[in-house]
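Chemist: no sequence for this one, just the structure:
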Ligand SMILES: Cc1cc2nc3c(=O)[nH]c(=O)nc-3n(C[C@H](O)[C@H](O)[C@H](O)COP(=O)(O)O)c2cc1C
Ligand code: SF4
Ligand code: FES
């Protein structure tokens, strides 16, 4: 397997300027470490040959970089208008009860983190949630239960 | 019947593969351009077509390309805006996932026209699947010689890189997008200079939306007159409309520009799923002021909607039936803008913070007498005073709600509860 340094070096070749590779590099670091620790950000800075502060600034600006650990499955429910009109709030309540956590929290077993997010660009199939990279669309409570069950089985 | 243009391949099996695209006449426009046209001729054709940007502002595409200096010694860049973050919008995703080669071909033609040898697709981070699709399609295009060095023996080189955003709506704004691509926080830059003169890495840069670029191959093959003949002459072409909310048949509909909003909602969308009456419609993503049902006999094009006091924006049509609390919708929209404000300028950062607080207490039944007037004051202090159009978008949306549904706001304050609950 290629190490982080190699991967980042490779991706930075696609840009006229190394600094442009910060965002893809942060994704790669997040993939490796699960979330972006201070050390991970410093490593990225060192590999790209830029000051660490430039990397912190970017990492903290964008919501998709996790500065705290998240569960194995990061559930992100869209609550913007189109999803709200079709019951996103009820789904969030349902998930809170079902998982026994509040929005922003992670289950004790480290499996699930629950977040609410802005529009996912999938409003035609609202309500929608994203778990890690995968979209789940046209949701109902029953569908949500099914998804959680499947993920739990997958994890055990 | 209108024949689909942008979505003509979308329902084919394996529509995203280059095989399918080539069978449907794909990359013929690029061949035509590289064989027979000078860059200036391409720009002229796009100008003649009256194509206007589909990303929200409706700026004439050919005119924008024409602003790029001709100096062959400076590098130039093309950026495809695939940030698709305006709530209510999900059209670019269709093109990206179902017909990525259409976009790649459009980008190749645009890059040739402006003299760029390097292009980026800035795609919102959440579209991980779409980003993979694009990477695969780009690899296919390289393999067939439609990208890379000396494309089709023309001497023209082009590389395309997919760049994933990471969850900031503001990066859809073109100068913030450029900052983000350079590896900075996505905060807008002052204009002028405009990106066409000084953009990415301080070089001339064109930023165009996915749908805009996807129109280009069709214009080249079928001609500017054909394109200008679809819908209103000043705002023509096929258009992707996104229907969502309480509508019975949500989805992306490709129709001629200028179709009536009522037809879009009632004929195509089938009215509301509950059978209740339509109460209001947002015609162009949440930045666009909503229209009450009594005003939806309006044509869906840039100029007609501007005249109606709202905008076509990104073409995101959100339908609300009579059970909808407008105050709650307005509160949610403000919450969105407040959350996405990049913090660079005071009117937007501080102003939206205030508005957000007032909307929360108002919606929650703790509104105070005079809150509506206070909101209007705050709006006046933001509108036209912000560094980028995000702040204006928030204000326009809220003003739209207050103007058409003032009684509902007042009711919330007086009765401490919702009018429709
Ligand atoms: C806050 C804000 C968000 C925007 N988001 C997008 C977006 O997600 N996608 C897009 O294409 N344009 C977006 N735009 C418009 C771009 O700034 C720019 O006008 C557009 O990409 C130009 O392409 P076009 O001429 O092809 O429409 C946004 C503008 C603002 C002010
Ligand atoms: S208007 Fe808002 S988003 Fe735009 S620059 Fe100012 S603070 Fe940032
Ligand atoms: S509003 Fe939920 S995906 Fe757009």
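Modeler: Everything's here; your move. What you are looking at is a predicted structure, and each value in this text was computed from that prediction instead of being measured. Ligands and ions are numbered 1, 2, ... in the order given.
Chemist: residues contacting whatever helix or strand residue B:330 lives in, please?
Modeler: In this assignment (DSSP states H and E), residue B:330 forms part of helix B:326-340. Judged by Cβ atoms under 8 Å, 6 or more residues apart in numbering or on different chains, the contacts made with helix B:326-340 from elsewhere in the structure are A:79-81, A:84-85, A:118-119, B:87, B:168-170, B:279-280, B:286, B:290, B:320, B:352-353, B:355-356, B:359-360, B:362-363, B:390-391, B:393-394, B:397-398, B:401-402, B:404-405, B:408-409, B:412, B:418. C-betas here are computed from N, CA, C, even on glycine.
Chemist: next structured bit after it?
Modeler: Sequence order places helix B:346-363 as the next helix or strand after helix B:326-340, per DSSP H and E.
Chemist: by how many degrees do that following helix and helix B:326-340 diverge?
Modeler: Using axes from the mean of the first three to the mean of the last three Cα atoms, to 10 degrees, the inter-axis angle of helix B:346-363 relative to helix B:326-340 is 150 degrees.
Chemist: run through the strands of chain A in chain order.
Modeler: Secondary structure of chain A (DSSP state E): strands located at A:73-78, A:112-117, A:129-131, A:134-136.
Chemist: for chain B, same thing?
Modeler: In order along the chain, chain B carries the following strands (DSSP E): B:77-82, B:118-123, B:159-164, B:205-209, B:238-245, B:251-256, B:278-282, B:291-292, B:316-321.
Chemist: stretch B:268-276: how far from the chain's middle?
Modeler: From the chain centre to the centre of stretch B:268-276 is a distance of 25 Å (Cα atoms, centre = their mean, to the nearest Å).
Chemist: give me the subset of the contacts of helix B:326-340 lying in helices.
Modeler: A:81, A:84-85, B:352-353, B:355-356, B:359-360, B:362-363, B:390-391, B:393-394, B:397-398, B:401-402, B:404-405, B:408-409, B:412 (DSSP state H).
Chemist: ok, the closest residue to ligand 2 within chain A - contacts?
Modeler: Nearest to ligand 2, among the residues of chain A, is residue A:61, at 11.6 Å (Cβ to the nearest ligand atom). For residue A:61, the set of contacting residues under the criterion of Cβ under 8 Å, 6+ apart consists of B:168, B:185, B:186.
Chemist: near chain A at all, stretch B:403-415?
Modeler: No: with Cβ under 8 Å from any Cβ of the partner chain as the measure, stretch B:403-415 is seen stopping short of chain A, the closest distance being 14.8 Å.
Chemist: just the buried residues of that stretch, please?
Modeler: Residues of stretch B:403-415 classed as buried: B:404, B:405, B:408, B:409, B:410, B:411, B:412, B:413 (neighbour count, 16 or more other Cβ atoms under 10 Å in any protein chain shown).
Chemist: what's in contact with that stretch?
Modeler: For stretch B:403-415, the external contacting residues (Cβ under 8 Å, 6+ apart) are B:280, B:289-292, B:325-327, B:362-363, B:365, B:367-369, B:371-372, B:375, B:401-402, B:418-419.
Chemist: mind listing what's buried along stretch B:184-202?
Modeler: Neighbour-count burial for stretch B:184-202 flags B:184-189, B:194-196, B:198-201 (criterion: 16+ other Cβ under 10 Å).
Chemist: re the thing from before, adding mean neighbour count, write the strands of chain A out as JSON lines.
Modeler: As requested, the strands of chain A are exported to JSON lines (neighbours: other Cβ atoms under 10 Å in any protein chain shown):
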{"stretch": "strand A:73-78", "mean neighbour count": "23"}
{"stretch": "strand A:112-117", "mean neighbour count": "21"}
{"stretch": "strand A:129-131", "mean neighbour count": "22"}
{"stretch": "strand A:134-136", "mean neighbour count": "16"}
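Chemist: nearest to ligand 3, of those strands?
Modeler: Nearest to ligand 3, of all the strands of chain A, is strand A:73-78, at 3.3 Å by Cβ to the nearest ligand atom.
Chemist: sheet partners, orientation included, of the closest one?
Modeler: The strands beside strand A:73-78 in its sheet (DSSP bridges) come out as strand A:112-117 (parallel), strand A:129-131 (antiparallel).
Chemist: before we move on, back to that, want to try CSV for the strands of chain A, with mean pLDDT and distance to ligand 3 as columns?
Modeler: Below are those laid out as CSV (pLDDT from 0 to 100; distance: least, Cβ to the nearest ligand atom, whole Å):
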stretch, mean pLDDT, distance to ligand 3
strand A:73-78, 98, 3
strand A:112-117, 98, 9
strand A:129-131, 98, 9
strand A:134-136, 98, 9
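Chemist: mind putting those strands into CSV with distance to residue B:142?
Modeler: Listed next are the strands of chain A as CSV, based on distance: least, Cβ to Cβ, whole Å:
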stretch, distance to residue B:142
strand A:73-78, 33
strand A:112-117, 34
strand A:129-131, 30
strand A:134-136, 28
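Chemist: redo those as TSV? Include distance to ligand 2.
Modeler: As requested, the strands of chain A are arranged in TSV below (distance: least, Cβ to the nearest ligand atom, whole Å):
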stretch	distance to ligand 2
strand A:73-78	21
strand A:112-117	18
strand A:129-131	24
strand A:134-136	27
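Chemist: got the residues of the stretch 1-150 of chain B near ligand 1?
Modeler: Counting by Cβ under 6 Å from any ligand atom, the residues of the stretch 1-150 of chain B lying close to ligand 1 are B:53, B:54, B:55, B:56, B:57, B:59, B:81, B:83, B:84, B:85, B:86.
Chemist: so the second one is in contact with residue B:314, correct?
Modeler: Yes: between residue B:54 and residue B:314 there is a contact at 7.4 Å, judged by Cβ atoms under 8 Å.
Chemist: who's in contact with residue 116?
Modeler: Defaulting to chain A. For residue A:116, the set of contacting residues under the criterion of Cβ under 8 Å, 6+ apart consists of A:76, A:77, A:78, A:79, A:92, A:103.
Chemist: not quite, go with chain B.
Modeler: Taking Cβ under 8 Å, 6+ apart as the criterion, residue B:116 is in contact with B:75, B:76, B:77, B:78, B:110, B:158, B:206.
Chemist: again, only this time at 6 Å
Modeler: Under the criterion of Cβ atoms under 6 Å, 6 or more residues apart in numbering or on different chains, the neighbours of residue B:116 are B:76, B:77, B:78.
Chemist: quick check: residue B:253 vs ligand 2, distance?
Modeler: As judged by Cβ to the nearest ligand atom, to the nearest Å, residue B:253 and ligand 2 stand 31 Å apart.
Chemist: so what's that residue up against?
Modeler: Taking Cβ under 6 Å, 6+ apart as the definition of contact, the neighbours of residue B:253 are B:241, B:268.
Chemist: rewinding a little: check the ones in helices among the contacts of helix B:326-340 one by one and keep those near ligand 2.
Modeler: The residues of the ones in helices among the contacts of helix B:326-340 that also fall near ligand 2, by Cβ under 6 Å from any ligand atom, are B:390, B:391.
Chemist: quick one: buried ones out of the ones in helices among the contacts of helix B:326-340?
Modeler: Burial by neighbour count, 16+ other Cβ under 10 Å: within these this picks out A:81, A:84-85, B:352, B:355-356, B:359, B:362-363, B:390-391, B:393-394, B:397-398, B:401-402, B:404-405, B:408-409, B:412.
Chemist: contact residues of chain A facing chain B?
Modeler: Proximity of chain A to chain B, by Cβ under 6 Å from any Cβ of the partner chain, involves residues A:14, A:19-20, A:22, A:57, A:61-65, A:80-82, A:84-85, A:118-124, A:133.
Chemist: re earlier: which one of the contacts of residue B:116 is nearest to residue B:306?
Modeler: Nearest to residue B:306 among the contacts of residue B:116: residue B:78, at 27.7 Å, using Cβ to Cβ.
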